[in-house]
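> One predicted model, sequence on top.
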Amino acid sequence: MAKELQLFNSLTREKEVFTPITEGYIGMYVCGPTVYSDVHLGNCRTFVGFDIIYRYLLHNGYKVRYVRNVTDVGHLEGDADSGAEDKISKKARLEQLEPMEVAQHYTNGFHEMMNLLNTKKPNIEPRATGHIYEQIEMIQQIIDNGLAYVKNGSVYFDTPKYHASQKEYGILSGRKIEDLLVETRDLKNQSEKNNPTDFAIWIKADESHLMRWDSPWSVGFPGWHLECSAMSTKYLGKRFDIHGGGGDLKFPHHENEIAQNVGACGCHPANYWLHSNMLLMNGRKMSKSDGNTITPIQLLTGESEHLSKSYSPMSIRFFMIKSHYRSTLDLTDEALAAAEKGYKRLMEGYKTLTKLTSPKGKAGSIDADLLKLVNGVPEEMNDDFNTPKALAKMFEIVTIVNSLADKKMPINEVTEERLRQTEKLFHDFIFDVFGLQDETDNSAHGTLDKVMNLVLEMRADARANKDWGTADKIREHLTNAKIVVKDGKEGTSWTLN
Ligand code: AMP
Ligand code: ZN
């Protein structure tokens with residue numbers, strides 16, 4: 001077990017001791033969502049995973065600047081780098097909306113989900129469309145360094161030239177440029193590129209493209225990979241500590257990010273690259289393009305063919321903590337039900353612990369066992385944020401606590417000091433590090449009931465008057481307050497999630 005924080009660096013494919021660039025401070029960048037449709041639970045898995053990493057770094061006393069972007073331009077259909085339609089632009093065209101309306105709508109939805117799952121807000125949440133100037137500037141630097149070329153108003157990154165000078169295209173993903181070069185892809189505009197591995201960093205907009213900006217090369221828009229290079233450099237500097245994202249972003253997105261940063265600034269952007277693994281549903285990657293998705297709302301309401309019942313936000317969060325961020329996680333009804341049970345057992349264990357007191361006296365062997373487990377929890381987390389192993393240690397503690405409470409073990413086997421130390425550990429890890437909330441605390445339920453009756457009456461009035469704005473606003477606020485409203489045959493009911 002690790003006494004100091006070690007993390008698995010995708011760049012070196014090794015576990016390394018974590019040393020920040022500036023002692024006590026950490027710069028962390030995580031690729032955010034592309035806001036063209038509702039976030040699904042797979043996306044949430046990645047963001048909850050990095051939330052726990054962020055929380056653990058804060059818990060260890062680091063001052064962290066956490067930047068997580070919102071992709072609102074440049075991400076093309078099929079993750080293509082040119083020749084395909086922009087995802088947000090397409091949605092806007094199909095629904096006859098402003099692209100910014102599409103982006104705002106799904107950004108709001110994403111924030112609501114993040115709130116429900118109790119993830120901490122990043123310190124900066126930059127949008128790609130708000131950083132066109134910085135992206136143009138970076139493209140110019142890459143051109144000036146001779147690593148990009150202009151073709152018919154678009155700008156392409158010259159991968160073989162970059163590889164010839166740096167010998168490192170493929171350094172993160174382990175792909176070989178020689179192999180990539182022979183892979184041909186049947187994309188429109190492919191012929192425009194000098195080499196199939198080259199990727200667009202500026203794309204000339206055709207007539208139908210709704211989002212467009214002036215640039216030295218054409219009226220167009222930036223390539224998807226560029227925004228993260230430009231925004232991480234702007235807010236965290238040319239070189240920062242941690243860069244994260246889902247494992248599916250390693251190639252081409254992160255590989256190209258490294259190439260752009262080295263191409264523009266002459267150095268790698270991040271010292272440590274962290275990648276979380278995929279959420280699967282019944283064995284297949286959860287993915288928007290495959291239609292194999294479930295949204296958090298479906299879990300909260302239980303309205304899905306894959307589920308037998310609804311699950312609360314904290315059961316969902318617990319389900320994610322139960323697996324290591326670098327392992328795949330398969331979403332099944334059984335796994336969720338097990339997580340719900342585990343969450344309750346942990347919370348009840350904590351409550352029992354807060355009530356346990358020990359007479360002053362000599363400690364027995366249980367005291368030493370408990371101390372070992374208490375020290376073991378952060379040690380497991382220091383081992384590349386091993387949440388399942390840390391949780392397993394906490395459940396061992398719960399077993400001891402329950403035995404002490406049931407008097408199956410004599411309470412004078414453990415000192416008061418150890419109990420309070422264990423209680424503090426539980427408090428810190430359950431609430432601060434794992435970010436779980438107590439869903440069983442409904443002492444104010446009676447008052448809430450009365451307030452809810454009033455709110456639901458107002459909502460019913462608004463709907464009767466076809467005042468959808470007010471009705472939606474009420475629902476949105478209730479969702480934020482973790483209250484789920486169900487409209488059934490017998491009328492409207494609500495539950496606390
Ligand atoms: P996107 O909105 O497609 O740009 O994805 C946002 C984030 O969610 C990225 O970091 C992806 O790697 C991540 N992601 C997408 N699908 C999954 C999945 N099934 N499991 C875990 N993370 C995912
Ligand atoms: Zn990114």
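Alright, I've got the coordinates. Numbering: from 1, shown residues only. Ligands and ions are numbered 1, 2, ... in the order given.
> Could you check how far the closest residue to residue 251 other than its chain neighbours is from ligand 1?
Computed as CB to CB, 6 or more residues apart in numbering, the closest residue to residue 251 that is not its neighbour in sequence is residue 173, at 3.7 Å. Heads up, the C-betas are built off the backbone N, CA and C, glycines and all. From residue 173 across to ligand 1, the span is 14 Å (CB to the nearest ligand atom, to the nearest Å).
> what's around residue 173, how many residues?
Residues contacting residue 173 under the criterion other CB atoms under 10 Å number 18.
> Could you do residue 395 as well?
For residue 395, the neighbour count with other CB under 10 Å is 13.
> Let me know whether it touches residue 346 as I believe.
Yes: if you go by CB atoms under 8 Å, residue 395 and residue 346 touch, sitting 7.2 Å apart.
> ok, the residue nearest to residue 251 touching residue 253?
No: in this structure, residue 173 is not within contact of residue 253 by CB under 8 Å, at 9.8 Å.
> got a pLDDT number for the residue of the chain found nearest ligand 1?
Going by CB to the nearest ligand atom, ligand 1 is nearest to residue 246 of the chain, at 1.8 Å. pLDDT, residue 246: 97.
> tally of neighbours for it?
21.
> That one - nearest residue in space that isn't next to it in sequence?
Nearest to residue 246 is residue 46, by CB to CB, 6+ apart, at 4.4 Å.
> Would you map the strands across the stretch 301-450 of the chain?
Using DSSP state E, counting those that start in this stretch, the strands of the stretch 301-450 of the chain run over residues 329-331.
> Run through the residues of it sitting next to ligand 1.
Within the stretch 301-450 of the chain, not a single residue sits near ligand 1 (CB under 6 Å from any ligand atom).
> try 8 Å this time
Applying CB under 8 Å from any ligand atom, one finds that the stretch 301-450 of the chain approaches ligand 1 through residue 329.
> Helices along the stretch 301-450 of the chain, start to end?
All helices of the stretch 301-450 of the chain, identified by DSSP state H, counting those that start in this stretch, fall at 313-321, 333-355, 365-382, 387-405, 416-427, 445-464.
> Report the rounded mean pLDDT for the fourth one.
Here helix 387-405 scores 97 as its mean pLDDT.
> before we move on, what about the third one?
Taken as a whole, helix 365-382 has an average pLDDT of 97.
> ditto for the longest one
Across helix 333-355, the average pLDDT comes to 97.
> Next: the shortest one.
Helix 313-321 comes out with an average pLDDT of 97.
> can you list contacts of that helix?
Outside helix 313-321, the residues within contact range by CB atoms under 8 Å, 6 or more residues apart in numbering are 41, 44-45, 48-49, 52, 116-118, 296, 299-300, 311, 329, 331, 335-336, 339-340, 342-343, 346, 387-388, 391, 434-437, 439, 482, 497.
> what do you get if the cut-off is 7 Å, keeping everything else the same?
Here helix 313-321 makes contact (CB atoms under 7 Å, 6 or more residues apart in numbering) with 45, 48-49, 52, 116-118, 296, 299-300, 329, 335-336, 339-340, 342-343, 387, 391, 434-437, 439, 482, 497.
> of those, buried ones?
Buried positions within the contacts of helix 313-321, assessed by neighbour count (16 or more other CB atoms under 10 Å), are 45, 48-49, 52, 116-118, 296, 299-300, 329, 336, 339-340, 342-343, 387, 391, 434-437, 439, 482, 497.
> where does the stretch 101-250 of the chain dip in pLDDT?
Along the stretch 101-250 of the chain, the parts satisfying pLDDT under 70 run over 183-191.
> Contact residues of it facing ligand 2?
Applying CB under 5 Å from the ion, we find that the stretch 101-250 of the chain lies next to ligand 2 at residue 228.
> Quick one: name the residues of the stretch 101-250 of the chain near ligand 1.
Within the stretch 101-250 of the chain, the positions lying close to ligand 1 (CB under 8 Å from any ligand atom) are 245-249.
> burial count for residue 14?
The burial count for residue 14: 10, using other CB under 10 Å.
> Not counting sequence-adjacent ones, nearest residue to it?
residue 8 is the one closest to residue 14 (CB to CB, 6+ apart), at 7.3 Å.
> Next, residue 251: secondary structure please.
Following DSSP: H, G, I helix; E, B strand; the rest coil, residue 251 is assigned to helix.
> oh, I was asking about residue 121
Classified using three-state DSSP, residue 121 is coil.
> Contacts only, for it.
When the contact criterion is CB under 7 Å, 6+ apart, residue 121 has no partners at all.
> ok, it to residue 261 distance?
Counting by CB to CB, to the nearest Å, the gap from residue 121 to residue 261 is 26 Å.
> do the same with residue 239
Distance, residue 239 to residue 261, by CB to CB: 9 Å.
> With residue 439 instead?
Distance, residue 439 to residue 261, by CB to CB: 43 Å.
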